[in-house]
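Peer 1: could you work out the structure for the sequence below:
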Amino acid sequence: MSTTRITAAAIGLAGALAASQAQAQSASSSEQEIALLKQQLKMLEQKLDKLQSQTAANTAAAAKARAEAKAEAKAEARSEAKAVVANANAAIPVKGPAPASGVVVTMPNNRPTICTADQANCVAITGRLHYDVGGYDYRPNTAATVPQKLDSGQNVRRARIGVAGKFFNDWNFALIYDFGGSSDGFGGAAPGSLPGGGLSGVENAYVSYTGLKPFGGKMAIEAGIMDLPYTLDEATSSNDIMFMERASPGIIATNIAAGDFRSAAGARWFNDQLWIGGYVTGPSTGAIHSASSASPPGTSEQYGAVARVAGNPISGKDYSVHIGADAQWLIQPPRNLIANTQTVTLSDRPELRLDPTTLVSTGAIANVSGAQVYSIEAAATYGPLIVQGEYFWYNVDRTANTGVPLVGAPSLKFQGGYAQAGYVLTGESRTYNAAAAAYHGVKPAHPFSLDGGGWGAWEIAGRFSTIDLNDQLATAAGVAGGRQTVYTLALNWYVNGNVRFMLDYLHGTVSRQASPISTADVGSKFDAVAMRTQFAF
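Peer 2: The predicted structure follows:
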């Protein structure tokens with residue numbers, strides 16, 4: 001009820017009361033009626049006061065509610081404005097301190113590897129073990145044949161452990177030590193023999209820079225002690241070769257100024273189809289180059305060079321063709337600082353390392369001023385089939401002036417090569433490794449597992465190799481190093497990506513005469529069976 005209606009009611013009541021009083025005066029009403037009317041008027045006044053107080057309270061409450069609603073609306077508006085500003089700031093890139101780098105630990109191919117979160121810096125532990133056991137059936141042609149016996153047994157061919165990785169993305173490094181190379185038996189002091197025992201040493205200790213990428217390819221500039229990718233067989237990792245040992249013609253070539261444990265500096269450039277590389281080389285690990293060493297004699301440091309051009313010009317999903325050419329120069333042979341002589345020896349063991357004795361050897365060729373090796377290489381794959389071969393021409397110059405009258409003997413020329421083929425019975429194929437211009441190993445599609453995961457990969461292989469170290473026979477200046485021919489059959493079981501078992505059977509013949517001017521036969525024949533247990537990561 002509004003104040004206006006209350007006031008009107010009061011006026012009406014007052015008018016009625018006045019009329020009742022006038023009527024009572026005129027009609028002589030009783031005092032009792034007057035008292036009753038006064039009481040009613042008082043009650044109406046109290047009710048009017050109560051209604052006015054309630055109306056004031058309601059008005060104040062409404063005003064407070066409006067004020068609170070207005071305050072809430074303002075708060076919501078301020079919150080929305082802050083959100084809009086925050087979103088706008090988030091859309092604008094602001095430079096600030098980079099978050100702290102963490103490390104990521106992975107196990108690619110079961111190789112423990114630690115990298116920074118941005119993958120710019122990595123270090124990995126790497127290693128391999130090649131443990132051989134086997135025996136020979138060795139048959140010398142005569143009692144004058146050297147040696148008369150080859151020793152059977154076991155050999156820790158390779159036992160390497162080390163670290164490899166990169167830093168600042170483009171710098172690569174490796175530091176690997178080989179504890180293997182020990183041999184059963186000793187060849188003794190007989191001509192053509194090598195001592196046995198430990199041959200351990202630093203196998204890799206190099207730094208490589210790969211930040212340059214000219215002509216749309218990749219480039220590596222490197223220096224240190226390394227495995228030079230010279231020749232196709234040598235560029236293939238020892239974890240991936242089809243046989244326990246590489247063929248003798250390639251071993252003899254790389255031992256001159258390339259091969260494992262070799263100090264070198266150079267560069268290689270490659271893309272998916274072409275590989276070009278060249279290196280200046282020095283002595284291998286463990287070479288004695290001390291002028292004061294008398295037993296064994298100290299030697300000056302040798303130096304040489306190698307170059308290789310190879311590629312994969314034809315390739316598809318399940319086939320490839322590889323061709324290449326190689327050259328090697330021994331520019332400065334090592335000089336014996338005690339006897340003041342320069343010599344070079346070309347030799348190899350019978351494509352097995354259980355006994356360190358050589359069967360073909362030129363012996364120490366005197367007055368050597370240099371040597372060259374030229375070779376060609378070819379390979380092809382088609383599905384699980386691979387064929388591969390190389391041929392080598394060796395030239396040794398004998399015109400050194402070592403403090404004695406210049407000998408001026410004619411240069412010596414030798415040659416040798418190999419051809420081999422492999423077939424993976426379980427269907428896997430070898431992929432191309434463009435960085436080395438060679439082929440990767442076999443990775444089983446179904447690794448062996450007793451839980452029914454598979455039986456790994458199985459490969460059969462065969463090889464024919466020959467090396468001829470005879471030249472200028474029937475002359476005093478000639479060399480009768482012998483001719484070796486070896487046939488090898490292999491069965492390889494790739495258990496998984498890290499474990500392999502190899503079984504090799506070798507049959508070889510060595511045709512050799514006692515000296516360049518003697519036709520006495522001091523050759524031999526041999527058969528050998530050997531098995532390798534290989535673990536690598």
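Peer 1: look through this structure and tell me its longest strand.
Peer 2: If you go by DSSP state E, the chain has its longest strand at strand 122-140.
Peer 1: could you list every helix and strand that that strand packs against?
Peer 2: strand 113-116, strand 153-167, strand 524-536 (3 or more Cβ pairs under 8 Å, 6 or more residues apart in numbering; DSSP states H and E). The C-beta positions use only the backbone N, C-alpha and C, and glycine is treated the same way.
Peer 1: how far does the last one sit from its chain's centre?
Peer 2: Here the centre of strand 524-536 is set off from its chain's centre by 28 Å, with Cα atoms, centre = their mean, to the nearest Å.
Peer 1: give me the neighbour count for N110.
Peer 2: Applying other Cβ atoms under 10 Å, we find 12 residues neighbouring N110.
Peer 1: show the contacting residues for the closest residue to it other than its chain neighbours.
Peer 2: Distance criterion Cβ to Cβ, 6 or more residues apart in numbering; nearest residue to N110, sequence neighbours excluded, is F537 at 4.9 Å. Contacts for F537 (Cβ atoms under 8 Å, 6 or more residues apart in numbering) come out as N109, N110, R111, I125, T126, G127, R128, N498.
Peer 1: pretty sure the second one contacts A536?
Peer 2: Same thing as N110. No - taking contacts as Cβ atoms under 8 Å, N110 lies outside contact range of A536: 9.4 Å.
Peer 1: what's the overlap in contacts for the two?
Peer 2: Contacts common to N110 and A536, judged by Cβ under 8 Å, 6+ apart, are N498.
Peer 1: got JSON lines for the contacts of F537, with distance to L48 and pLDDT too?
Peer 2: Listed next are the contacts of F537 as JSON lines, based on distance: Cβ to Cβ, whole Å; pLDDT from 0 to 100:
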{"residue": "N109", "distance to L48": "100", "pLDDT": "93"}
{"residue": "N110", "distance to L48": "99", "pLDDT": "94"}
{"residue": "R111", "distance to L48": "99", "pLDDT": "96"}
{"residue": "I125", "distance to L48": "100", "pLDDT": "98"}
{"residue": "T126", "distance to L48": "104", "pLDDT": "98"}
{"residue": "G127", "distance to L48": "106", "pLDDT": "97"}
{"residue": "R128", "distance to L48": "110", "pLDDT": "97"}
{"residue": "N498", "distance to L48": "104", "pLDDT": "98"}
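Peer 1: ok, which pair from those is furthest apart?
Peer 2: Among these, the pair separated by the greatest distance (Cβ to Cβ) is I125 and N498, at 13.3 Å.
Peer 1: TSV for the helices and strands packed on strand 122-140, including distance to S449?
Peer 2: Below are the helices and strands packed on strand 122-140 laid out as TSV (distance: least, Cβ to Cβ, whole Å):
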stretch	distance to S449
strand 113-116	24
strand 153-167	27
strand 524-536	17
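Peer 1: as TSV, those with mean neighbour count, mean pLDDT and distance to I251 would be great.
Peer 2: Listed next are the helices and strands packed on strand 122-140 as TSV, based on neighbours: other Cβ atoms under 10 Å; pLDDT from 0 to 100; distance: least, Cβ to Cβ, whole Å:
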stretch	mean neighbour count	mean pLDDT	distance to I251
strand 113-116	16	97	32
strand 153-167	18	95	13
strand 524-536	18	98	16
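Peer 1: buried residues, stretch 507-525. List them.
Peer 2: G508, T509, V510, S511, R512, Q513, P516, V522, G523, S524 (16 or more other Cβ atoms under 10 Å).
Peer 1: partners of the second one in the sheet?
Peer 2: Looking back up the chat, that one is T509. Counting by DSSP bridges, T509 is bridged to T485, K525.
Peer 1: list the helices and strands the helix or strand A379 falls within packs on?
Peer 2: Under the criterion DSSP states H and E, the helix or strand holding A379 is strand 370-382. Judged by 3+ Cβ pairs under 8 Å, 6+ apart, strand 370-382 is in contact with helix 248-257, strand 319-332, strand 385-398.
Peer 1: return the most buried member of those.
Peer 2: Comparing the helices and strands packed on strand 370-382 on average neighbours per residue, with mean count of other Cβ atoms under 10 Å, the densest one is helix 248-257 at a mean of 25.
Peer 1: so how far is G282 from the closest residue to L228 other than its chain neighbours?
Peer 2: Nearest residue to L228, sequence neighbours excluded (Cβ to Cβ, 6+ apart): A258, at 4.8 Å. Using Cβ to Cβ, to the nearest Å, one obtains 11 Å as the distance from A258 to G282.
Peer 1: who has more neighbours out of those two?
Peer 2: A258 (27 against 18).
Peer 1: can you pull the contacts of the more buried one?
Peer 2: Contacts of A258 (Cβ under 8 Å, 6+ apart): L228, Y230, T231, E234, T281, G304, V306, Q328.
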